[in-house]
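Return atomic coordinates for the entry below.
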Amino acid sequence: MNMRVKMTPDETRLRIIEAAEEHFRRVGYAKTAVADIAEALGMSSGNVYRFFPSKSAINEAICIRILSEAHELIDRIVGSALPAPERLAVLLLELGRFNRSRFIGERRVHEMVEVAMEENWSAVETHLAFVVDRIGRVIADGAQAGDFRPCDPEQTAFVVKCACTTILHPVMIAECMRHGRDMDQIAKIVVGFVVDALKVKPQ
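The predicted model follows:
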């Protein structure tokens with residue numbers, strides 16, 4: 001006798017997110033309806049709406065999940081034993097590579113990101129605040145160790161994030177890659193300039 005295993009609300013939410021991401025990647029965000037996601041899961045649209053008020057909310061959950069992977073990567077680097085200048089360079093370079101691999105490789109994934117930026121800016125804003133905070137921690141460590149010039153770590157971190165927009169922002173990355181730019185080379189130049197600008201200069 002087959003007994004259907006009852007899932008917890010969190011498990012159901014995860015199933016909806018996974019099915020939606022697969023559909024968005026395969027068909028595209030614009031062409032996917034909540035009814036399509038529900039059908040793929042063998043449930044009603046009404047049941048999906050019990051967990052997410054809209055398709056946009058599902059997309060936000062997908063982007064938050066991807067961004068949480070970036071946060072884990074960043075925290076591993078920030079918590080490493082590398083000297084601050086090297087840690088900052090690795091953080092910026094690896095975050096740029098992560099954004100390229102997760103957000104730019106597929107056109108339909110890029111569509112999801114653009115929608116998230118337009119409709120779910122709060123999630124993006126939370127991510128950007130996280131990035132600035134972690135950059136600031138590394139800069140503060142560097143200033144305390146005498147590797148970086150004395151500065152306001154939070155303000156300097158914001159400036160660093162802005163200076164690295166070309167290698168970190170998905171839309172900017174996509175545009176550069178569309179024109180055949182070598183993003184690895186651009187990233188090395190930008191990050192090298194930024195880290196060198198923060199260093200204590202010999203007398």
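
ok now the helix or strand containing Phe158, how far from the chain's centre?
Phe158 is part of helix 153-163 when elements are defined by DSSP states H and E. Taking the mean C-alpha point of helix 153-163 and that of its whole chain, the gap between them comes to 17 Å (C-alpha atoms, centre = their mean, to the nearest Å).

From the contact counts, what lies against the following helix or strand past it?
Sequence order places helix 165-168 as the next helix or strand after helix 153-163, per DSSP H and E. If you count contacts as 3 or more C-beta pairs under 8 Å, 6 or more residues apart in numbering; DSSP states H and E, helix 165-168 packs onto helix 84-99, helix 170-178, helix 183-198. From N, CA and C alone the C-beta is placed, and that goes for glycine too.

buried ones in helix 165-168?
By neighbour count with 16 or more other C-beta atoms under 10 Å, helix 165-168 contains the buried residues Thr166, Ile167, Leu168.

Contacts made by it with the rest, please.
With C-beta atoms under 8 Å, 6 or more residues apart in numbering as the contact definition, helix 165-168 has outside contacts at 92, 95-96, 99, 131, 161, 172-173, 176, 183, 186-187, 190-191.

Equivalent analysis for stretch 112-120, please.
For stretch 112-120, contacts defined as C-beta under 8 Å, 6+ apart pick out Phe24, Tyr29, Ser56, Asn59, Glu60, Ile62, Cys63, Phe103, Ala123, Val124, Pro170, Val171.

and those as CSV, adding secondary structure, pLDDT and neighbour count?
As requested, the contacts of stretch 112-120 are exported to CSV (DSSP: H, G, I helix; E, B strand; the rest coil; pLDDT from 0 to 100; neighbours: other C-beta atoms under 10 Å):
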residue, secondary structure, pLDDT, neighbour count
Phe24, helix, 87, 25
Tyr29, coil, 86, 23
Ser56, helix, 88, 15
Asn59, helix, 87, 25
Glu60, helix, 86, 21
Ile62, helix, 87, 21
Cys63, helix, 84, 23
Phe103, helix, 73, 23
Ala123, helix, 80, 17
Val124, helix, 83, 18
Pro170, helix, 82, 19
Val171, helix, 80, 14
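
Good, wrapping up.
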